[in-house]
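>>> sequence unknown, structure follows:
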Ligand code: FES
């Protein structure tokens, strides 16, 4: 993707969103998006997944969406341009916020682990993570909250 195309795509679809990247200890960036909920739907620009470096673009594996409407953030994994997985980052054991480490979500309270589909890898949690339906169009993805 050309830089001007990226800017056009991003500029036209970032309304109501603020994206911030934070570099973790391993220097892999975690990208946060502050989103607005409209009609129980969160809109996220696909451009939020794009990382430009030396005039080449790559895609983030995931980003984290925060909104005032939910007590916990949502991690959104990009499987392909038309396939995304959105998971509430709340441990199903006792409701502690999870951490994302690549394809694994971990709970610091009692060490439950979940994969990027929300399935349990390790207990004591005995229920999968809450999964939000996701739809897409050319420029955006839409998370249905309720
Ligand atoms: S609250 Fe997450 S494992 Fe207990």
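Structure received. No experiment lies behind these values; they were computed from the predicted model shown.
>>> now residue 122: closest residue in space, sequence neighbours ignored.
Once flanking residues are discounted, residue 122 sits nearest to residue 113: 4.3 Å by C-beta to C-beta, 6 or more residues apart in numbering. No exception for glycine: its C-beta is placed from N, CA and C like everyone else's.
>>> that neighbour: what's it in contact with?
104-107, 120-122 (C-beta atoms under 8 Å, 6 or more residues apart in numbering).
>>> ok, now residue 106?
98-99, 112-113.
>>> try residue 133
Residue 133 sits next to 86, 143-144 when contact means C-beta under 8 Å, 6+ apart.
>>> most neighbours among the residues you listed, which one?
Highest neighbour count within these, by other C-beta atoms under 10 Å: residue 86, with 24 neighbours.
>>> give me the beta-bridge partners of that residue?
Following DSSP bridges, residue 86 is listed with bridge partners residue 76, residue 132.
>>> tell me if I'm right that it and residue 73 touch.
No - with contacts defined as C-beta atoms under 8 Å, residue 86 does not count as touching residue 73, sitting 10.5 Å away.
>>> so who does the residue most central in space within the chain touch?
Note on the chain: the residue nearest the mean C-alpha position is residue 76, at 2.6 Å, using C-alpha atoms, centre = their mean. Residue 76 sits next to 44, 62-65, 84-86, 134, 141, 143 when contact means C-beta under 8 Å, 6+ apart.
>>> from these, pick the one nearest the ligand.
Closest approach between those and the ligand, by C-beta to the nearest ligand atom: residue 64, at 17.8 Å.
>>> could you pull up the residues touching residue 65?
32-33, 35, 42, 44, 73-76, 86, 143.
>>> need the nearest residue in space to it, chain neighbours excluded.
residue 74 (4.5 Å).
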